[in-house]
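# compute the structure for the input listed below.
(one chain, ligands or ions: 1)
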Amino acid sequence: MRIKKRLFIGLLALSLLFITAVLAGSWYLLVNHTSFLNRLLLVLGFFTLAVLFLIIALGIAGLVLILWQERSRPFLQRLGLIAVNTLFPVALALGRRLGVKAETIKASFIEMNNQLVRLRGLLIEPGKILLLAPHCLQWSGCPHKITVDVYNCRRCGRCPIDSLHALAERYGVRLAVATGGTLARHFVKQYRPRAVVAIACERDLTSGIQDTQPMPVLGVLNSRPHGPCLNTQVNLNQVEQAIQFFLYGKTISQPQVRSEGWEVSSSV
Ligand code: SF4
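Numbering: from 1, shown residues only. A predicted model of the protein is given here:
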């Protein structure tokens, strides 16, 4: 089906109309505030805004408290998620204005998410943990279609997919390789995990974490020594630690699978 450009333009115009109507309505109520009904509407509007503001303020304060005390508080965390989801686009736009790269802001968001997930102290059975890797980790010259079936990998050791197989076998977790967000969401629907260890770039990890909320996702950033989306690498120690956190609530031993020659890009 061919989607026409008119739909998007129409929705843009409708949004503008909506904002205009809200502003005009507010102006009318302010000017004619002597009537009881108008005053009531003004109070209701103000009350709604105040409640929204309170939820966001409590959510941010809650996040700060959780991270500061290093103690999980589910109710505050839920409010925090509302605050983050509401303010994230604003924070990105503000960051851009202040000269902070979107990538840096998203990496910071992933760090905060990982910390919050770790504090929840979850214990998940191996079969319910999904290790989700991006297709760009696969060596670009490999002829095997691992996104269709990850077991098409011949385990030749030319790329990190081999070691991810070793990790998945060692801990009994599921492994899937996705070409992008759509396939990643498909795997999450198909396998119905209770927790996900996701490897990706800042952009994909951020959208993945937000799309799957409130599912616990520990994100591990990949590194891109050859540029974006080509023969990317990952620190396997961090991947292993993330799996261990879900299995045991902590890191239990020195990581077993080594990432020789693969670069460290972020902490879990
Ligand atoms: S380890 Fe698997 S995916 Fe990587 S190059 Fe070898 S066969 Fe291909």
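
# what helices or strands is the strand or helix carrying Phe46 leaning on?
Using DSSP states H and E, Phe46 falls within helix 36-69. Under the contact criterion of 3 or more C-beta pairs under 8 Å, 6 or more residues apart in numbering; DSSP states H and E, helix 36-69 touches helix 5-31, helix 74-97, helix 102-119. In this view, the C-beta of every residue, glycine as well, is placed from N, C-alpha and C.

# what separates the shortest one from the chain centre, distance-wise?
It stands for helix 102-119. Taking C-alpha atoms, centre = their mean, to the nearest Å, one finds the center of helix 102-119 at 8 Å from the center of the full chain.

# right, and the helices and strands packed on helix 36-69 - which one's nearest the ligand?
Evaluated over these, closeness to the ligand peaks at helix 102-119, with 25.2 Å, by C-beta to the nearest ligand atom.

# for the helix or strand following the closest one, which strands pair with it and how are they oriented?
Proceeding N to C from helix 102-119, the next assigned helix or strand is strand 129-134, under DSSP H and E. Looking at strand 129-134 with DSSP bridges, its partner strands are strand 174-178 (parallel), strand 195-200 (parallel).

# give the contact list for the residue nearest the centre of the chain.
Of all residues in the chain, the one closest to the mean position by C-alpha atoms, centre = their mean is Ile209, 2.0 Å from it. Applying C-beta atoms under 8 Å, 6 or more residues apart in numbering to Ile209 gives the contacts 109-110, 113, 198, 217, 219.

# hang on, Arg71 packs against Leu119?
Yes. The pair Arg71 and Leu119 passes the contact test of C-beta atoms under 8 Å, sitting 6.7 Å apart.

# neighbour count for these two, which is higher?
Leu119 (16 against 11; other C-beta atoms under 10 Å).

# is it true that the more buried one touches Gln69?
No. Leu119 is beyond contact range of Gln69, at 9.2 Å (criterion: C-beta under 8 Å).

# so how far is the worst-scoring helix or strand of the chain on mean pLDDT from its chain's centroid?
Ranked by mean pLDDT, DSSP states H and E, the weakest helix or strand in the chain is helix 5-31, scoring a mean of 84. Here helix 5-31 is found 31 Å from its chain centre; the criterion is C-alpha atoms, centre = their mean.

# quick check: angle from that helix to helix 36-69?
Helix 5-31 and helix 36-69 are oriented at 110 degrees to each other (axes from the mean of the first three to the mean of the last three C-alpha atoms, to 10 degrees).

# what are the buried residues along helix 5-31?
Residues of helix 5-31 classed as buried by neighbour count (16 or more other C-beta atoms under 10 Å): Leu29.

# close to the ligand: what parts of this protein are there?
Applying C-beta under 6 Å from any ligand atom, we find that the chain lies next to the ligand at 138-139, 142, 144, 146, 153-159, 161-162.

# which of the residues you listed are buried?
Buried among the residues of the chain next to the ligand by 16+ other C-beta under 10 Å: 138-139, 142, 144, 146, 153, 159, 161.

# count the neighbours of Ser132 for me.
Just to correct that, residue 132 is Leu rather than Ser. The number of residues packed near Leu132 is 25, by other C-beta under 10 Å.

# in the sheet, who's paired with it?
Bridge pairing for Leu132 (DSSP bridges) gives the partners Ala176, Ala198.
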